[in-house]
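**Student:** Pasting the sequence and the predicted coordinates here, then a few questions.
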Amino acid sequence: MFISIQDLQRQEVTFDEHFPPGSLDLGAEISQLTPLAAKGQAELVEEHEGKQSIADIRLRGEFSTRLEMRCARCLEPVQRDVTANFDLIYRPLGAVPRPAEAAISQAETEVGYYQGSGLQLEQALAEQVLLAVPLRELCTADCKGLCANCGKNLNAESCECQPAQGDSRWAALENIKSKLQE
């Protein structure tokens, strides 16, 4: 769904969209299992930067979907429901000229940018979905992971591998540690 500046100049745009699995680019690590339901509104916000007037797009709403990703320890598939609210500001790219290496304020980190005559809702939602997903997903809190030697899933089966020997480069520190504990 394209949200154009021209439409927003006339009135606020409301949306209640369902995006089928695979329609959002979430990368290779995450799969969308159910349609992403998103509803909210977009409005035009006039900002003034010096003598210049800037047409920002404010996008507010909520979304929900079910995703599948891999466990960070055992690599088994993990399914999670993801639901979040969002309140975003998008500014035209290049609206405020800045030097190539300029410091930005905390408020400026909260602003996204759009090019051309509007904003693609799918891109904004994909970004918000990725931000709502934890960096490391686990299948269970006590996941044992994979054996470092043979690669077996230790949750499903045990292996006969010997425990890993410590790195000999740390031996000097082990000696110091044992002397301090005496």
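**Tutor:** Alright, I've got the coordinates. Numbering: from 1, shown residues only.

**Student:** use CA for all of it now, contacts and neighbours both
**Tutor:** OK.

**Student:** Can you show me the CA trace of the helix or strand of the chain with the lowest mean pLDDT as PDB?
**Tutor:** The weakest-scoring helix or strand in the chain, judged by mean pLDDT, DSSP states H and E, is strand 111-114 (a mean of 78). Provided in PDB are the C-alpha atoms of strand 111-114 (Å, rounded to 0.1, in the frame of the first residue of the first chain):
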ATOM      1  CA  VAL A 111      13.000   9.900  12.300                       C
ATOM      2  CA  GLY A 112      12.900   7.700   9.200                       C
ATOM      3  CA  TYR A 113      13.200   8.900   5.700                       C
ATOM      4  CA  TYR A 114      11.200   8.500   2.500                       C
END
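
**Student:** Quickly run through the sheet partners of it, with directions.
**Tutor:** Each strand paired with strand 111-114, and its direction, by DSSP bridges: strand 77-92 (parallel).

**Student:** which outside residues touch the strand it pairs with?
**Tutor:** 54-71, 110-116, 128-129, 132-133, 137-139 (Cα atoms under 8 Å, 6 or more residues apart in numbering).

**Student:** And the next helix or strand past the least confident helix or strand of the chain?
**Tutor:** As assigned by DSSP states H and E, the chain's next helix or strand after strand 111-114 is strand 118-120.

**Student:** so what does that next one touch, helix or strand wise?
**Tutor:** Here strand 118-120 is seen to pack against strand 2-4 when contacts are counted using 3 or more Cα pairs under 8 Å, 6 or more residues apart in numbering; DSSP states H and E.

**Student:** what's in contact with the strand it packs on?
**Tutor:** If you take Cα under 8 Å, 6+ apart as the criterion, strand 2-4 is touched by 13, 42, 117-121.

**Student:** Can you tell me which of the residues you listed has the largest number of neighbours?
**Tutor:** Neighbour count (other Cα atoms under 10 Å) singles out Ala42 as the most crowded of those, with 23 neighbours.

**Student:** Could you verify that that one is part of a strand?
**Tutor:** Yes - counting by DSSP: H, G, I helix; E, B strand; the rest coil, Ala42 falls inside a strand.

**Student:** tell me what the longest strand seen in the chain is packed against?
**Tutor:** Ranked by residue count, the top strand of the chain under DSSP state E comes out as strand 52-70. Strand 52-70 sits against strand 31-32, strand 36-49, strand 77-92, with contacts defined as 3+ Cα pairs under 8 Å, 6+ apart.

**Student:** Find the one among the ones you listed with the highest mean neighbour count.
**Tutor:** Per-stretch averages of neighbours, counted by mean count of other Cα atoms under 10 Å, single out strand 31-32 among the helices and strands packed on strand 52-70, with a mean of 20.

**Student:** No further questions, thank you.
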